[in-house]
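>>> Below are the sequence and a predicted model; questions follow.
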Amino acid sequence: MQRIPHTEQQLFLSQLKNEDGFSLVEVLVALILSSIVALGIMQSTLTSYRFSQRMVNDSLAGQLALEKMEEISSISPQTLDDTDDAVEDPVVRNNISFIRTVDVSINADRSRTVAVRVQSKNSHIAIDTTLTNSFALWGER
């Protein structure tokens, strides 16, 4: 290790003493600016999370509606009528309770229109999805 001569050591220490650090005001301004940036990042992250949760829940509701519509499509359209209207027991997916409502209507041309509505029951994000399909009678025009 090299020894610094006494005069050079004093010169070095005097330079250190003359150097100014950050003032309290500068530190506070930097802290406030970084806090504002951090709040903006947190807000955008939270918004992104809510949006992704909404998309997941919408997808689940659409899947439930499609499952019910496939179940109904396996029934002969001639047998579908207003008596098939129903409100089902809640279905739970991803800890969210969904209620499916089926509405069957007979059109003027005797085709059937089926609407399956799926609503969330206990979610903090309200979900309401409707899937509609028309079934023509075979061999009729």
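Structure's in. What do you need?
>>> By residue count, tell me the biggest strand in the protein.
Longest strand in the chain, counting residues (DSSP state E): strand 96-106.
>>> Outside of that strand itself, which residues are in contact with it?
For strand 96-106, the surrounding residues in contact (Cβ atoms under 8 Å, 6 or more residues apart in numbering) are 57, 60-61, 64-65, 68, 72, 80-82, 84-88, 90-92, 112-123, 127. For every residue, glycine as well, the C-beta is placed using N, CA and C.
>>> run the last query once more with 7 Å
The contact list for strand 96-106 (Cβ atoms under 7 Å, 6 or more residues apart in numbering) reads 57, 60-61, 64, 68, 80-82, 84-88, 90-91, 112-123.
>>> Read off the pLDDT value for residue 124.
Residue 124 is assigned 79 on the pLDDT scale.
>>> got the phi/psi numbers for it?
Per-residue torsions, residue 124: phi -70, psi -10 (degrees, to the nearest 10).
>>> Tell me how many other residues crowd residue 27.
11 (other Cβ atoms under 10 Å).
>>> give the contact list for it.
Applying Cβ under 7 Å, 6+ apart, we find residue 27 in contact with no residue.
>>> Just the element for it, please.
helix 24-73 (DSSP states H and E).
>>> What's the first helix or strand after that helix?
Next along the chain after helix 24-73, taking DSSP H and E as the criterion, comes strand 86-87.
>>> Please name the strands paired to that next one in the sheet, noting orientation.
Applying DSSP bridges, strand 86-87 is found paired with strand 96-106 (antiparallel).
>>> Centre of the chain to the strand it pairs with, how far?
Strand 96-106 sits 23 Å away from the centroid of its parent chain (Cα atoms, centre = their mean, to the nearest Å).
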